[in-house]
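Colleague: sequence first, predicted model second:
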Amino acid sequence: MSFEDREEEEGDGGFSPVRILSALRRRWIVIAAGTVIATLISAAIAFSLPNRYEAAATIQLDPRKKNVSNVEEVLSEMNMSTATIESEVEVIRSRKIVLQVIDRLNLRNDEEFAGTGLPAPRSAPNSNVGEPAATTTEPEASSDPTAPRRDLVANAFSSRLSVGRVRNTLLIEVRFTSTDPEKAALIVNTVAQVYVDEQLSAKASVAKHATELLDDRLDSLRRKVSEAERKVEKYKAEQNIFASEGQILSEKELARMMEQTVTARNKTAETRARYERARQLLRSGRSASDIADVLSSHTVRLLKEKVADASRRRAELATRYGDRHPRMIKVRAELADARAQLDREVSALIANLENQFQEASSRERELIAGLNEKKQEETERRTANVRLNELEREAETSRQIYQVLLSRFKQNTATQTLQLPDARVVEFADTPLYPAAPKRKQMVILAAAGSLAISLALVLALEFATPGIGRPEEAEGLLALEHISSLPRLDGIAGDNHDPLLASRLMIAAPASAFAESIRALRREIDVRQDHPGPRIILIAASLPGEGASVVASNLAHYYAQTGERVLLLDADMRCSNLSRQLAPGRRAGLAEALSGNIAPEQAILRDQLTNLHFMPARGGGPMPTGQSELLNSPSLPAVLGHLKQQFDTIIVDAPPLLPVIDTRVLADFADQIAFVIAWRKTPKQLARKALKLLEVNAERICGVVVNQVARDILADDQGVDSIDDPGADLIAQSRQRQPVAAA
């Protein structure tokens with residue numbers, strides 16, 4: 001993976017379990033101390049808190065019908081849905097219930113609430129909880145229930161009151177906490193009882209209000225019904241409309257006339273048929289006896305029997321007597337008389353039928369004329385009935401509404417005092433035997449767990465909240481370079497801010513120290529990465545000042561010199577020249593003078609008699625002449641470096657920082673190997689990437705990254721040891737080894 005591919009990555013070794021465990025192991029004392037201190041403080045606070053007792057009462061919402069009477073109630077039965085039960089929970093904890101309990105138990109004079117509420121009202125000196133409150137002078141604003149008020153006693157009471165539904169049942173549990181167990185039980189029982197009483201009061205209030213509304217409405221409807229009925233009667237009188245048994249008289253008369261007309265028409269048809277039949281028989285020459293068959297008369301029937309009897313006797317006598325026999329003459333006379341009587345009777349009946357027919361026809365005509373006249377009158381009357389029907393409907397509607405409301409009014413009046421609540425207290429609270437709060441054990445456990453979590457977070461924040469890398473191995477992922485060495489921080493006696501000369505010659509002062517071992521490891525990594533044998537130039541580069549590149553270059557050069565190689569340490573930082581001031585405070589010339597051609601390069605080289613290390617300062621001890629910083633870009637630089645490379649096996653160049661100046665990029669063109677130094681947790685990651693990017697032209701010459709100033713516990717953790725020896729423990733011949741480099 002190239003450097004560009006990793007430029008936006010945070011690198012390996014970020015939030016890894018290994019790094020987290022390492023951080024926790026190194027700072028376990030901080031974690032333990034923070035946890036113990038916070039736990040002890042929380043325990044002290046928990047045991048200093050007063051005991052608080054909690055009492056609980058249970059209320060059941062009862063959806064069953066409770067009919068004391070058979071009339072309908074004003075309020076319907078409660079619908080026991082989830083929303084209804086939650087609403088009742090809020091009603092129990094409402095300010096109205098709370099204030100009633102406070103007033104009923106006189107809690108404004110109670111010591112537990114006296115410090116949280118309004119000034120206590122005037123009452124009896126020895127008033128206690130549960131005693132009726134004395135007459136008080138309430139603020140004027142309290143007379144208006146809708147006016148907003150600030151009641152701290154009610155707020156304190158509500159904060160200790162807990163109301164909740166018991167799982168998915170119709171039970172509601174009411175809890176209250178207090179410093180006095182008996183007071184807690186008394187208050188929670190009072191809350192439950194006040195809630196039940198408030199339900200009854202609400203029902204009675206609604207019923208009373210409904211009764212008052214109905215009473216007012218009934219008065220209005222009563223007047224409206226009377227007025228409507230008066231209008232109906234007045235209109236009937238004006239239009240001469242009369243009714244009998246709920247029916248208008250004219251309509252009854254019309255119905256009777258229609259019935260009479262139908263009867264007369266039937267009777268006329270019947271008499272016409274009988275009369276026409278008799279006349280037809282009479283015209284056909286039929287005998288009276290045949291005509292008598294169509295007449296329904298008792299007299300005709302008797303006469304026909306008389307004729308038949310006379311005919312029978314005449315026939316009997318004719319067989320025994322002759323025509324002149326007296327009995328025959330008598331029978332014939334009787335027969336003739338009977339037939340004459342029958343003819344007369346038939347003629348009379350036919351005449352009577354004709355009269356009946358004439359009378360029926362006349363009656364029918366009269367009835368039809370009267371009916372037509374009555375129909376005309378009824379048509380005119382029905383036009384007037386339209387308005388009458390409208391008035392009657394209005395009166396009937398008003399009468400029905402009045403009857404319904406009157407019935408409802410009587411029901412409400414009868415049931416106003418017969419209301420039952422929709423809830424009941426199924427379990428009153430007992431005096432609690434043990435305090436419910438504070439839960440000291442839980443408080444201590446939570447405090448310990450919380451402090452442990454905070455301590456862990458703090459340790460991890462210290463571990464990961466750093467501008468630079470947290471662990472040396474992160475450098476590989478951050479910079480896409482091999483991590484070739486980690487150098488411990490020189491705390492105490494060898495720190496950069498304490499003794500810079502000792503830090504630059506620590507390979508001589510403490511050869512058995514961890515720092516020295518790290519320098520040896522660094523040399524080996526550089527050597528194994530050498531592309532070709534022979535003289536070489538090793539450039540030690542860093543991003544910013546203060547990252548310890550000079551210390552690394554100096555100690556690496558001292559170690560090469562100790563092994564018998566001919567080594568030159570070259571201070572190429574002609575602006576600051578820190579290494580020159582430390583190792584050669586009495587210098588007269590340096591690299592600047594050699595590049596300017598004033599002296600030969602050999603005249604600027606100093607030699608350490610102890611280690612045989614050769615050192616070329618950056619410049620002489622005087623002020624730097626103008627334009628001397630541009631000497632590195634002059635053609636003399638490759639000539640000087642080539643000349644020095646012929647005389648020394650290894651040339652180690654202490655280069656200036658990459659970001660502030662361009663010098664290091666110029667020197668990198670002539671280096672055989674480049675070691676890039678960054679400071680642990682000090683060099684910002686973005687700046688390190690930026691500095692390394694400046695060396696892209698010579699990227700193939702970079703042999704790796706050196707992480708400097710690493711904490712000893714980090715190195716100990718990486719190396720699997722308990723501790724790393726202090727570099728000052730092996731200081732020998734310190735006075736001699738701290739001498740500057742002598743002249744060549």
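Modeller: Sure thing, it's come through. Numbering: from 1, shown residues only.
Colleague: please count neighbours and contacts with C-alpha atoms only from this point.
Modeller: Will do.
Colleague: what is the burial count for Pro500?
Modeller: 20 (other CA atoms under 10 Å).
Colleague: ok, the one 5 residues further on next?
Modeller: Residues lying near Arg505 (other CA under 10 Å) number 26.
Colleague: Glu305 too?
Modeller: By the criterion of other CA under 10 Å, Glu305 has 13 neighbours.
Colleague: for the helix or strand harbouring it, buried residues please.
Modeller: According to DSSP states H and E, Glu305 maps onto helix 298-318. Buried positions in helix 298-318, judged by neighbour count with 16 or more other CA atoms under 10 Å: 300-301, 303-304, 306-311, 313-314, 317.
Colleague: show me which of those residues is closest to Gly546.
Modeller: Arg301 (163.8 Å; CA to CA).
Colleague: so how far is Gly642 from the closest one?
Modeller: According to CA to CA, to the nearest Å, Arg301 and Gly642 sit 181 Å apart.
Colleague: cool, and Ala655?
Modeller: Relative to Gly642, and taking CA to CA, Ala655 is found at 17 Å.
Colleague: between those two, which one's more packed in?
Modeller: Shown here are Ala655 and Gly642; by other CA under 10 Å, Ala655 has more neighbours (24 against 13).
Colleague: residues contacting the more buried one?
Modeller: Taking CA atoms under 8 Å, 6 or more residues apart in numbering, we find Ala655 in contact with Leu539, Ile540, Ala541, Ala542, Ala549, Ser550, Asp571, Ala572, Asp573, Asp663, Thr664, Leu667.
Colleague: bridged to Arg52, which residues?
Modeller: Ala437 (DSSP bridges).
Colleague: how many neighbours does it have?
Modeller: So Arg52, with other CA under 10 Å, has 18 neighbours.
Colleague: any idea how far it is from Arg160?
Modeller: 10 Å.
Colleague: now do the shared contacts for these two.
Modeller: Counting by CA under 8 Å, 6+ apart, the shared contacts of Arg52 and Arg160 are Thr177, Ser178.
Colleague: before we move on, the earlier item: check which helices and strands the helix holding Glu305 sits against.
Modeller: Secondary-structure packing of helix 298-318 (3 or more CA pairs under 8 Å, 6 or more residues apart in numbering; DSSP states H and E): helix 288-292, helix 326-415.
Colleague: nearest to Val459, out of these?
Modeller: Closest among these, using CA to CA: helix 326-415, at 74.2 Å.
Colleague: circling back: buried subset of the contacts of Ala655, written for PyMOL?
Modeller: Here is the PyMOL command that selects the buried residues among these (16+ other CA under 10 Å):
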select buried, resi 539+540+541+542+549+550+571+572+573+663+664+667
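Colleague: any idea which of the contacts of Ala655 is closest to Val188?
Modeller: Distance ranking of the contacts of Ala655 against Val188, using CA to CA, places Ala542 first at 75.4 Å.
Colleague: that closest one bridge partners, please.
Modeller: Judged by DSSP bridges, the bridge partners of Ala542 are Val677.
Colleague: which residues touch it?
Modeller: Going by CA under 8 Å, 6+ apart, Ala542 touches Ala549, Ala655, Pro656, Pro657, Leu658, Phe676, Val677, Ile678, Ala691.
Colleague: quick revisit: pLDDT check: weakest of the buried residues of helix 298-318?
Modeller: Among the buried residues of helix 298-318, Val300 carries the lowest pLDDT, at 73.
Colleague: thought that one was touching Val346?
Modeller: Yes - between Val300 and Val346 there is a contact under CA atoms under 8 Å: 7.1 Å.
Colleague: just the helices in the stretch 101-250 of the chain please.
Modeller: 111-114, 152-160, 181-239, 249-283 (DSSP state H, counting those that start in this stretch).
Colleague: so which of the ones you listed is nearest Val567?
Modeller: Here helix 152-160 is closest among the helices of the stretch 101-250 of the chain (CA to CA), at 82.3 Å.
Colleague: got the buried residues for the closest one?
Modeller: For helix 152-160, a neighbour-count test (16+ other CA under 10 Å) marks Val153, Ala154, Phe157, Ser158 as buried.
Colleague: now it: mean pLDDT?
Modeller: On average, helix 152-160 scores 88.
Colleague: equivalent analysis for stretch 212-224, please.
Modeller: On average, stretch 212-224 scores 82.
Colleague: circling back: quick one, which of the helices and strands packed on helix 298-318 is nearest to Tyr195?
Modeller: helix 326-415 (21.4 Å).
Colleague: for whichever helix or strand comes after the closest one, the averaged confidence score.
Modeller: As assigned by DSSP H and E, the chain's next helix or strand after helix 326-415 is strand 423-427. Mean pLDDT, strand 423-427: 84.
Colleague: looking at this, Leu481 is in a strand?
Modeller: No - residue state for Leu481 (DSSP: H, G, I helix; E, B strand; the rest coil) corresponds to coil; a strand is not indicated.
Colleague: thought it was touching Ala475?
Modeller: Yes - at 7.2 Å, Leu481 and Ala475 qualify as touching, with contact defined as CA under 8 Å.
Colleague: on the three-state scheme, Val653 is what?
Modeller: strand.
Colleague: number of nearby residues for Leu21?
Modeller: Leu21 has 12 nearby residues by other CA under 10 Å.
Colleague: which SS class is it?
Modeller: What three-state DSSP gives for Leu21 is helix.
Colleague: who touches it in this structure?
Modeller: Per CA under 8 Å, 6+ apart, neighbours of Leu21: none.
Colleague: ok, Ala457 next?
Modeller: Per CA under 8 Å, 6+ apart, neighbours of Ala457: none.
Colleague: next one: Arg489
Modeller: Here Arg489 is in contact with Gly495, Asn708, Gln709, Val710, Ala711, Arg712 (criterion: CA under 8 Å, 6+ apart).
Colleague: run the last query once more with 10 Å
Modeller: 495-496, 514-515, 548, 679-680, 708-712, 715 (CA atoms under 10 Å, 6 or more residues apart in numbering).
Colleague: not counting its neighbours along the chain, what's nearest it?
Modeller: Using CA to CA, 6 or more residues apart in numbering and skipping the chain neighbours, the partner closest in space to Arg489 is Gln709 (3.8 Å).
Colleague: name the element the one you found belongs to?
Modeller: Element membership for Gln709, per DSSP H and E: strand 702-710.
Colleague: partners of that strand, with directions?
Modeller: Here, using DSSP bridges, strand 702-710 pairs with strand 483-488 (parallel), strand 673-679 (parallel).
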